[in-house]
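Peer 1: Next comes the sequence, and after it the predicted model I'd like to discuss.
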Amino acid sequence: MSMVLTFGALMIGLLIFGTAYKYWEVRQVNRWQRTSGKVLSAKSVARRVRTAETTSGAAAGADLQLRNFAEVTYEYRVGTRRFTGHRISLGEDLGDFRVAETLQRYALGSQVTVYYNPDKPSQAVLEAGAPEGVWRTMIIFILVLIALLVGTTVGFDHFVTW
């Protein structure tokens, strides 16, 4: 039973660390400078992505899926220097998620606000925040996992004693 408790605690700890790190990243981007930019291109592109559902499938190349992505290129200036960016947000784009909405929001030729790192101006994003409700969802998820882990451990011990 202690192995289950240890493994569960490690997984919850890893989840807490990952959530805290993403929160820190979002806080850093919110401190970045803002400038105006212009969308140079906005299109949907299809890419093959590896899902790696199984080790044997990944080795054989069977775990490839065709997914659509919103590919947005924008230009912005910092001082006298001109930069080109591609990143929309800090989140990972897994594909097939709100592609049409993203392309509509960042249509070709539209003016956008670009958040750039003042220490490294080539690092930039168009969306500085996290999706609405993500922090609340992660906290609830972590608390439920902790409750399940504690409940399972205490409950099992009482059951064995009984």
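Peer 2: Looks like it arrived, so ask away. Residues are numbered from 1 along each chain as shown.

Peer 1: Three-state assignment for the most centrally placed residue in the chain, please.
Peer 2: Closest residue to the average C-alpha location of the chain: Gly91 at 2.6 Å, with CA atoms, centre = their mean. When classified by DSSP: H, G, I helix; E, B strand; the rest coil, Gly91 comes out as coil.

Peer 1: Check the gap between it and Asn68 for me.
Peer 2: Gly91 sits at a distance of 16 Å from Asn68 (criterion: CB to CB, to the nearest Å). Where you see a C-beta, it was placed from the backbone N, CA and C, and this is true even at glycine.

Peer 1: now do Val49
Peer 2: Val49 is 11 Å from Asn68, where distance means CB to CB.

Peer 1: repeat for Val45
Peer 2: For Val45, the distance to Asn68 equals 7 Å [CB to CB].

Peer 1: of these two, who's got more company?
Peer 2: More neighbours surround Asn68 than the other of Val45 and Asn68, with 14 against 11 (other CB atoms under 10 Å).

Peer 1: Please identify the buried residues of the strand or helix carrying the more buried one?
Peer 2: Per DSSP states H and E: Asn68 is located in strand 64-78. Neighbour-count burial for strand 64-78 flags Arg67, Phe69, Ala70, Glu71, Val72, Tyr74, Tyr76, Val78 (criterion: 16 or more other CB atoms under 10 Å).

Peer 1: One more: stretch 38-48?
Peer 2: For stretch 38-48, by 16+ other CB under 10 Å, it's Val39, Ala42.

Peer 1: pull the CA atoms of that stretch into PDB?
Peer 2: Only the C-alpha atoms of stretch 38-48 are listed here, as PDB (Å, rounded to 0.1, in the frame of the first residue of the first chain):
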ATOM      1  CA  LYS A  38       0.400  43.300 -38.100                       C
ATOM      2  CA  VAL A  39      -0.600  39.800 -39.300                       C
ATOM      3  CA  LEU A  40       1.400  38.900 -42.400                       C
ATOM      4  CA  SER A  41      -0.300  35.500 -43.000                       C
ATOM      5  CA  ALA A  42      -3.000  33.400 -41.400                       C
ATOM      6  CA  LYS A  43      -3.800  30.000 -42.800                       C
ATOM      7  CA  SER A  44      -4.800  26.500 -41.800                       C
ATOM      8  CA  VAL A  45      -2.100  23.900 -42.300                       C
ATOM      9  CA  ALA A  46      -2.300  20.100 -41.900                       C
ATOM     10  CA  ARG A  47       0.500  18.300 -40.200                       C
ATOM     11  CA  ARG A  48       1.100  14.800 -39.200                       C
END
